[in-house]
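Asker: Just a sequence and a predicted model for now, questions to come.
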Amino acid sequence: MRIDAGLLAYARSLDVFGLSGKVLAVLPVAEASGHATAKGQARDRDVFGVADPLLRFSVNLFGAPALSLEEFATYQQDLIIGASLQMTAPLGQYNSSKLLNLGTNRWSIKPELGLSKAWGPLTVELITAITFFTTNNDFFGGHTLEQDPIYSVQGHLICEVSRAFWVAFDGAYYVGGQTTVNGVEGQEPANVRLGMTAALSLNRYQSIKFYGSTGVYNRTQNNFWALGIAWQIRGAVAGEASEGLFNPSVCLKPWSDPAAVGKEGHPACFRCSASTPSPSIGTWTSRINVGVHHQGDVYVYVDRAPGAGWNGDDVS
């Protein structure tokens, strides 16, 4: 199966009672093509459309208060602890008579807790999360699809090469997400993925980011690789100072790896780190992000394509 996705994301930094926070909205558009055997028959499908949109709220609980522009200029990261709540809505393209769809026809909710610790130009991040799914009562052929929660741990080692450029080594472990179709249980996937991310500031308002990842361990036959690029435009609301709006070491965190893709509908969604949002620059800042994602070599039955599962701070 091959998936190409374009994404439009909007993020706004917030002052949450003195804590720095952020709201993120993502609208993915994807094209998926694949070949599979269903009910003993070979099937091919190509589909293009909107995948499930995502809404995410994150807040730093410790170590990164909402800052004025003057305060931000002297801010030095030490330990940051943050949390987020992410939700996807079943609004993407979906046809229950087809095996491959861009939407999932179900809701997902993902609470996340993360920490970030800086030592000079190096930053280490650790993020834990649980993703819950509602039931899809109109799965392929009119069946009922249920899925257990997915438990995930992500780690990132980030090196700030300069004020305008950083690179990161990314790792992720996913377990759980066993699917049940009409009472028949599937295998429980487990996956380990490794990747790299690089981000470059073009100027104070724009940046570009490249990422790639691949699986190094998978319990079921659901390995895949992924490549992507994102372009970010940053700005301030009317009346806000616009100087110094971009600091790549804290405003762009690396993209984590795509979640495990599993059989009978285990989600394929690519994500971004981290659970901790960037320290707010002033009270309000806004960002528009455009991304392109390519995913290949997925030899499995899937219920959705990637693009509806961003999990992080990374398009911002």
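Answerer: That came through fine.

Asker: Would you confirm that M196 contacts F169?
Answerer: Yes: using CB atoms under 8 Å, M196 makes contact with F169 at a distance of 6.0 Å. Every C-beta, even on glycine, is put in place using the N, C-alpha and C of the backbone.

Asker: Give the partner strands of the host helix or strand of D138 in its sheet and their orientations.
Answerer: Using DSSP states H and E, D138 falls within strand 136-139. If you go by DSSP bridges, strand 136-139 pairs up with strand 143-147 (antiparallel).

Asker: Run the chain-centre distance for the strand it pairs with.
Answerer: The chain centroid and the centroid of strand 143-147 are separated by 24 Å, computed with CA atoms, centre = their mean, to the nearest Å.

Asker: sorry, back to before: contacts for the strand holding D138?
Answerer: S96, T104, N105, R106, T144, L145, E146, V181, G265, D303 (CB atoms under 8 Å, 6 or more residues apart in numbering).

Asker: of all the residues you listed, which two lie farthest apart?
Answerer: Taking CB to CB as the measure, the contacts of strand 136-139 span a maximum distance of 15.4 Å, between S96 and E146.

Asker: Just list the residues touching the closest residue to G103 other than its chain neighbours, thanks.
Answerer: Taking CB to CB, 6 or more residues apart in numbering, and ignoring the residues beside it in sequence, G103 has G92 as its nearest neighbour in space, at 2.7 Å. Shown in contact with G92 (CB under 8 Å, 6+ apart): P28, G49, V50, A51, D52, P53, N101, L102, G103, T104, R304, A308.

Asker: In helices, which of the residues you listed appear?
Answerer: Taking DSSP state H, every one of the contacts of G92 sits outside helices.

Asker: Make CSV from the residues you listed and add neighbour count, distance to A230 and pLDDT to it.
Answerer: Formatted as CSV, the contacts of G92 follow (neighbours: other CB atoms under 10 Å; distance: CB to CB, whole Å; pLDDT from 0 to 100):
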residue, neighbour count, distance to A230, pLDDT
P28, 28, 12, 90
G49, 17, 21, 93
V50, 16, 18, 93
A51, 30, 16, 92
D52, 30, 19, 95
P53, 19, 17, 95
N101, 26, 24, 89
L102, 26, 20, 91
G103, 23, 22, 93
T104, 30, 23, 93
R304, 31, 21, 28
A308, 30, 16, 27
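
Asker: Filter the residues you listed down to the ones in strands?
Answerer: Among the contacts of G92, the ones falling in strands (DSSP state E) are P28, G49, V50.

Asker: I figured the first one was touching F48, is that so?
Answerer: What that stands for is P28. No: P28 lies out of contact with F48 (CB under 8 Å); the separation is 11.9 Å.

Asker: tally of neighbours for A83?
Answerer: Neighbourhood size, A83 [other CB atoms under 10 Å]: 17.

Asker: pLDDT below threshold where in this protein?
Answerer: For the chain, the stretches with pLDDT under 70 are 36-39, 221-222, 235-316.

Asker: What ranges does it have for its helices?
Answerer: Under DSSP H, the chain gives helices at 69-73, 248-251.

Asker: quick one: the first one to chain centroid distance?
Answerer: Its chain's average C-alpha position is 29 Å from that of helix 69-73, according to CA atoms, centre = their mean.

Asker: Also stretch 168-185?
Answerer: Worked out by CA atoms, centre = their mean, stretch 168-185 lies 15 Å from the chain centre.

Asker: Tell me the one of the contacts of strand 136-139 nearest R12?
Answerer: Nearest to R12, judged by CB to CB, of the contacts of strand 136-139 is T104 at 26.1 Å.

Asker: for the closest one, phi and psi?
Answerer: Main-chain torsions, T104, degrees, to the nearest 10: phi -110, psi -10.

Asker: Ok, S96 next?
Answerer: S96 adopts backbone torsions of phi -70, psi -10, taken as degrees, to the nearest 10.

Asker: tally of neighbours for it?
Answerer: Look at S96: counted by other CB under 10 Å, it has 15 neighbours.

Asker: what do you get for N137?
Answerer: Close neighbours of N137, defined as other CB under 10 Å, add up to 13.
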